[in-house]
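> make a model of this:
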Amino acid sequence: MKKLNYAAALLMLASMANAASLHVRDADTIVVDGTPVRLNGVDAPELRTAAGKNAKRWVVNYLRGREVSCELNGERSYDRWIGVCYADGQDIGAAVIAAGHALDCRRYSGGRYRHLETPAARSKIRRAGYCD
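Modelled structure (predicted):
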């Protein structure tokens, strides 16, 4: 089964998306060419909250008109592949955290986004318990 996972990961690595093949579910999950991708290491607020709706809107606007590619790590969470995605070469997870719409999920990121968290995001977004 691992070979299938890695083959899918390599396929996604080569995939570039345009607006017609990109959908934003929420601030930490996007769908690229029909493949759902959970942004590795990103802890975004739930969509049922005002902060979650604002975060999704920010990601939609940020990605508009950009080429999106993802590097998948071969792991899955529910129906989503886990990976790091880029918009015109810029890490989407880093961008959403730096913009104050999400937090670093240290358990999965290894802390690589911690320095990008804003004080406002730390005070208004409740960090998921699984991220500590």
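> Ile97: neighbour count?
30 (other Cβ atoms under 10 Å). Every residue, glycine included, has its C-beta placed from N, CA and C.
> also the one 4 residues further on?
Residues within reach of His101, counting by other Cβ under 10 Å, total 27.
> would you agree it is in contact with Ala50?
No - assessed by Cβ atoms under 8 Å, His101 is found out of contact with Ala50, at 11.7 Å.
> next structured bit after the lowest-mean-pLDDT helix or strand in the chain?
The helix or strand of the chain with the poorest confidence is helix 2-13; it has a mean of 47 (mean pLDDT, DSSP states H and E). Moving toward the C-terminus from helix 2-13, the next helix or strand (DSSP states H and E) is strand 22-26.
> tell me the strands beside that next one, with direction?
Sheet pairing here is set by DSSP bridges, and for strand 22-26 it gives strand 29-32 (antiparallel).
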